[in-house]
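Enquirer: Everything below, folded, please.
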Amino acid sequence: MKPLSQFYKLLTENELDELHEKVIDLLGDPGMKFENQTMLEALQKKGAKVDFTSQIAKLPKSLIEETIIIARKDELERTAKKNLAIETDFTNMLTFSWHTPYRNRTPKVQASFGGGAPLFYDHVNKINRYATGDDFLRMINLAEGLPEIVTVGNPVHYIKEKDGSDVAPKMVAIKGAALVAKHSSKPGCTTVIDKRQLPYLMELGRIVKGSQGEYLKNPIFVNIHDTEPPLRLTRPEASLIEAMLKYNLSTFILPMPLVGISSPIYPTAAAILGAAEILGVWTAVKAINENNPVEASCVSGVLNPQSGAASFATPETVMIDLAVAQLFREKYGVPCGTGVGLIDAPVPGALSIFERTFKAMASALIGEPSFAAGLIGGGVVFSMEQAIIDLDIAACQNRYMRGIGGDEFKESLELIRDKGIGGLFIDTNHTAKNFRNYLTMTRVIKNLKSTSVEEASKNDPVSLAHEKCLDILKSTPLYLIEEDKAREIDKLVEAAQKELASLKGAME
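Expert: Numbering: from 1, shown residues only. Modelled structure (predicted):
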């Protein structure tokens, strides 16, 4: 088979150049607000015009383009060092994407359980509620039984204990990461919301990896950072980035421009803002430490005129994300993820299937295939049933991207001639040997050839996904880390509890 290699171009080369120039101009005037003294001082030393009172830095074109050159060089060195046939090299990603190095092949279906949603979809009771410790553990265990899930973080926040009591706010990230550390064979990124949590999360990673050196090769239990649109890096996020820079941990920045809210109504304007916020943060990071890794994704929203809230599954959101991704991929030579993982549907069902399929296929056809799993409700809800459905959607997307043709033409003619006119292939060795590789087989999205309403009702994808979750949980043993490591993790959580549990108020 020959994978798709000719992709739809959202922007022409001239439009990419114009997008780049407008991003540069915006960072020069009005600039970007960095609520962090270290970043402002580093940018000033690099030639930026800095107003320390307003905390606004106006970045010169030469400095931004120097940052792009460094980021491209980092990407080339990284791709040269690693075997990029293995998508799990990208452990910080909430989804795994096909960027410039992959354009001549089709990526495997690989996804993460992550996102840090505050709510959990309870299919039995048909409600969205806060997840308990038991729910969190079930999600970790479900991931063990799904080979397509290659890293596990915090699909929900660990807000409630198993008995329903509240977890201290500063312990939410620690408790969730500890549960992943003890019961997942494939731990990934989790939420960090306060720099005081970072030493504990890094130590959890060291325990799992066995040494500090191994941990730093492939860090886990660290997270992406959000800008606040338009053009602001807040004090807590900047403080956390500064703390992570001391350990050379990757800075993964994720802007969320909102059309009609924090951005003008033109999708083009939101693309300018999203790209500017990424490059602004990258420039500040590289000004402090040129060797620090940087990553990015753009996840856009738009004003919903009916509700006044933000929506994440409209054609406009897809175009904004993909315009930014195309700019970074084709002009800068570095990856930038997209917001395939965010859809609006509050529960699994027809709407969630439509929204996920639309966003996933639109992204794939522009050269940014990305596989999501489980997030619904604008990223506020995680559903195990939706995760199963999403993997079926990903399987269909993947099969399409694998394409047809290549070396198959000659053998196809020979096979047809062998059976001749009127020949059937249902009982041939060729069919038996190859049907699993060439025919898409999904778990819960059934292709029914029936006019029976009763048959259709019995094959509701959400109900089937719920049953599949129960089957996987029943047949998948709970993963247990080595006993000595488990004891270390428990002691670390106790230590964090003493220092962090009583802290209230603002993040640091």
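Enquirer: which residues of the stretch 401-508 of the chain score low on pLDDT?
Expert: 505-508 (pLDDT under 70).
Enquirer: Now do the helices in it.
Expert: In the stretch 401-508 of the chain, helices defined by DSSP state H, counting those that start in this stretch lie at 408-419, 429-438, 453-458, 461-475, 483-500, listed in chain order.
Enquirer: of those, which approaches residue 60 most closely?
Expert: helix 483-500 (40.6 Å; CB to CB). Bear in mind the C-beta positions are built from the backbone N, C-alpha and C, glycine included.
Enquirer: For that closest one, name the packing helices and strands.
Expert: helix 172-183, helix 198-209 (3 or more CB pairs under 8 Å, 6 or more residues apart in numbering; DSSP states H and E).
Enquirer: can you list the residues that contact it?
Expert: 168, 170-171, 174-175, 178, 181-182, 196-197, 200, 203-204, 207-208, 480-481 (CB atoms under 8 Å, 6 or more residues apart in numbering).
Enquirer: ok, now how distant is the nearest residue to residue 425 once chain neighbours are set aside from residue 439?
Expert: Using CB to CB, 6 or more residues apart in numbering and skipping residues adjacent in sequence, the residue nearest residue 425 is residue 431, 5.2 Å away. The gap separating residue 431 from residue 439 is 9 Å, by CB to CB, to the nearest Å.
Enquirer: List the residues that contact residue 116.
Expert: 153-157, 190-191, 223.
Enquirer: ok, residue 466 - contacts?
Expert: Per CB under 8 Å, 6+ apart, neighbours of residue 466: 123, 384-385.
Enquirer: Show me those residues that map onto helices.
Expert: Using DSSP state H, the members of the contacts of residue 466 that fall in helices are 384-385.
Enquirer: who wins for neighbours among the contacts of residue 466?
Expert: residue 384 (28 neighbours; other CB atoms under 10 Å).
Enquirer: Tell me the gap between the lowest-mean-pLDDT helix or strand in the chain and the middle of its chain.
Expert: When each helix and strand of the chain is scored by mean pLDDT, DSSP states H and E, helix 453-458 comes last, with a mean of 88. Chain-centre distance of helix 453-458: 35 Å, with CA atoms, centre = their mean, to the nearest Å.
Enquirer: Tell me which residues are up against that helix.
Expert: 448, 450.
Enquirer: same thing but 10 Å
Expert: For helix 453-458, contacts defined as CB atoms under 10 Å, 6 or more residues apart in numbering pick out 446, 448-450, 452, 463-464.
Enquirer: From the contacts of residue 466, pick the one nearest residue 134.
Expert: residue 384 (12.8 Å).
Enquirer: Can you list the buried residues in stretch 28-45?
Expert: 28, 31-36, 38-40, 42-43 (16 or more other CB atoms under 10 Å).
Enquirer: Next: stretch 202-210.
Expert: In stretch 202-210, counting by 16+ other CB under 10 Å, buried: 202-209.
Enquirer: ditto for stretch 187-205
Expert: 187-198, 200-205.
Enquirer: Can you pull out the low-pLDDT segments for this structure?
Expert: Where the chain drops to pLDDT under 70, the residues are 81-105, 505-508.
Enquirer: And for it, the residue most distant from the center?
Expert: Distance from the C-alpha centroid of the chain, by CA atoms, centre = their mean, peaks at residue 421 (50.0 Å).
Enquirer: which of the helices of the stretch 401-508 of the chain sits most buried?
Expert: Of those, the one with the most neighbours on average (mean count of other CB atoms under 10 Å) is helix 461-475, at a mean of 17.
Enquirer: With just CA atoms, put that helix into CSV.
Expert: In CSV, the C-alpha atoms belonging to helix 461-475 read as follows (Å, rounded to 0.1, in the frame of the first residue of the first chain):
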residue,chain,number,x,y,z
PRO,A,461,-22.0,2.4,20.0
VAL,A,462,-22.0,4.0,23.5
SER,A,463,-23.7,0.9,25.1
LEU,A,464,-21.3,-1.4,23.2
ALA,A,465,-18.4,0.8,24.4
HIS,A,466,-19.5,0.5,28.0
GLU,A,467,-19.7,-3.3,27.7
LYS,A,468,-16.3,-3.3,26.1
CYS,A,469,-14.9,-1.3,29.0
LEU,A,470,-16.3,-3.8,31.5
ASP,A,471,-14.8,-6.7,29.5
ILE,A,472,-11.4,-5.1,29.3
LEU,A,473,-11.4,-4.2,33.0
LYS,A,474,-12.4,-7.7,34.0
SER,A,475,-9.8,-9.4,31.9
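Enquirer: Would you agree residue 300 is in contact with residue 277?
Expert: No: Residue 300 lies out of contact with residue 277 (CB atoms under 10 Å); the separation is 11.5 Å.
Enquirer: Need the overlap of contacts for these two.
Expert: Common neighbours of residue 300 and residue 277 (CB under 10 Å, 6+ apart) are 229, 255-257, 324.
Enquirer: tell me which of those residues is nearest to residue 283?
Expert: For the shared contacts of residue 300 and residue 277, the nearest to residue 283 is residue 255 (13.9 Å; CB to CB).
Enquirer: Distance of the closest one relative to residue 224?
Expert: From residue 255 to residue 224 the distance is 11 Å (CB to CB).
Enquirer: If you count surrounding residues, which of the two has more?
Expert: When neighbours are counted by other CB under 10 Å, residue 255 and residue 224 differ, and residue 255 comes out ahead with 28 against 24.
Enquirer: Quick check: chain neighbours aside, which residue is closest to the more buried one?
Expert: residue 277 (3.9 Å).
Enquirer: count of residues packed around the closest residue to residue 171 other than its chain neighbours?
Expert: Setting aside the residues directly before and after it, residue 171 is nearest to residue 501 in space (CB to CB, 6+ apart), at 5.4 Å. Neighbours of residue 501 under the rule other CB under 10 Å: 14.
Enquirer: residue boundaries of the strands in the stretch 151-300 of the chain?
Expert: Secondary structure of the stretch 151-300 of the chain by DSSP state E, counting those that start in this stretch: the strands cover 225-226, 232-233, 251-254, 258-259, 294-296.
Enquirer: same question but for the stretch 1-150 of the chain, I mixed them up
Expert: 32-34, 49-51, 56-58, 111-113, 119-122, 127-129, 149-152.
Enquirer: what does the third one rub up against?
Expert: In this structure, residues lying in contact with strand 56-58 by CB under 10 Å, 6+ apart are 27-34, 39-40, 42-44, 46, 48-51, 63, 231-232, 280, 283-284, 287.
Enquirer: Ok, which of the helices of the stretch 401-508 of the chain comes nearest residue 219?
Expert: helix 483-500 (16.6 Å).
Enquirer: CA atoms of the closest one as PDB?
Expert: The C-alpha coordinates for helix 483-500 follow below in PDB (Å, rounded to 0.1, in the frame of the first residue of the first chain):
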ATOM      1  CA  GLU A 483       7.100  -3.300  46.300                       C
ATOM      2  CA  ASP A 484      10.200  -1.300  47.200                       C
ATOM      3  CA  LYS A 485       9.200   1.400  44.700                       C
ATOM      4  CA  ALA A 486       5.600   1.400  45.900                       C
ATOM      5  CA  ARG A 487       6.900   2.000  49.500                       C
ATOM      6  CA  GLU A 488       9.000   4.900  48.200                       C
ATOM      7  CA  ILE A 489       6.000   6.400  46.400                       C
ATOM      8  CA  ASP A 490       3.900   6.200  49.600                       C
ATOM      9  CA  LYS A 491       6.500   7.900  51.700                       C
ATOM     10  CA  LEU A 492       6.900  10.600  49.100                       C
ATOM     11  CA  VAL A 493       3.100  11.300  49.100                       C
ATOM     12  CA  GLU A 494       3.200  11.500  52.900                       C
ATOM     13  CA  ALA A 495       6.000  14.000  52.700                       C
ATOM     14  CA  ALA A 496       4.100  16.100  50.100                       C
ATOM     15  CA  GLN A 497       1.000  15.900  52.300                       C
ATOM     16  CA  LYS A 498       2.800  17.500  55.200                       C
ATOM     17  CA  GLU A 499       4.200  20.300  53.100                       C
ATOM     18  CA  LEU A 500       1.400  21.000  50.600                       C
END
